[in-house]
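Chemist: quick one: sequence and predicted model below, then my questions.
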Amino acid sequence: MPTYEFICEKCKKPFTLILSVKEHAKGKFKCPKCKNGEVKQQISSFQTKTSKKS
């Protein structure tokens, strides 16, 4: 599942959530520290894992 990085607009605490694409599409995220619903998704790097076939 993808990992998404957010920052809370109220307390400025960054946090990471592991969500399915379906969960991310719902868009109802809350800060785990202050429970505020005003969060902003951050741009982050990602990794992929592929299988090598000959």
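Modeler: Alright, I've got the coordinates.

Chemist: ok, residue 28 to residue 39 distance?
Modeler: Residue 28 sits at a distance of 10 Å from residue 39 (criterion: CB to CB, to the nearest Å). For glycine as for every other residue, the C-beta is placed from the backbone atoms N, C-alpha and C.

Chemist: run through who's touching the lowest-mean-pLDDT helix or strand in the chain.
Modeler: The helix or strand of the chain with the poorest confidence is helix 21-26; it has a mean of 90 (mean pLDDT, DSSP states H and E). With CB atoms under 8 Å, 6 or more residues apart in numbering as the test, helix 21-26 has contacts from 2, 4.

Chemist: please name the strands paired to the next helix or strand after that helix in the sheet, noting orientation.
Modeler: As assigned by DSSP states H and E, the chain's next helix or strand after helix 21-26 is strand 39-41. Strand 39-41 has its sheet partners listed here by DSSP bridges as strand 3-8 (antiparallel).

Chemist: list the contacts for residue 18?
Modeler: 1-4.

Chemist: and the residues you listed as a markdown table, adding neighbour count, distance to residue 20 and pLDDT?
Modeler: Below are those laid out as a markdown table (neighbours: other CB atoms under 10 Å; distance: CB to CB, whole Å; pLDDT from 0 to 100):
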| residue | neighbour count | distance to residue 20 | pLDDT |
| --- | --- | --- | --- |
| 1 | 10 | 5 | 78 |
| 2 | 12 | 8 | 84 |
| 3 | 11 | 11 | 89 |
| 4 | 17 | 11 | 91 |
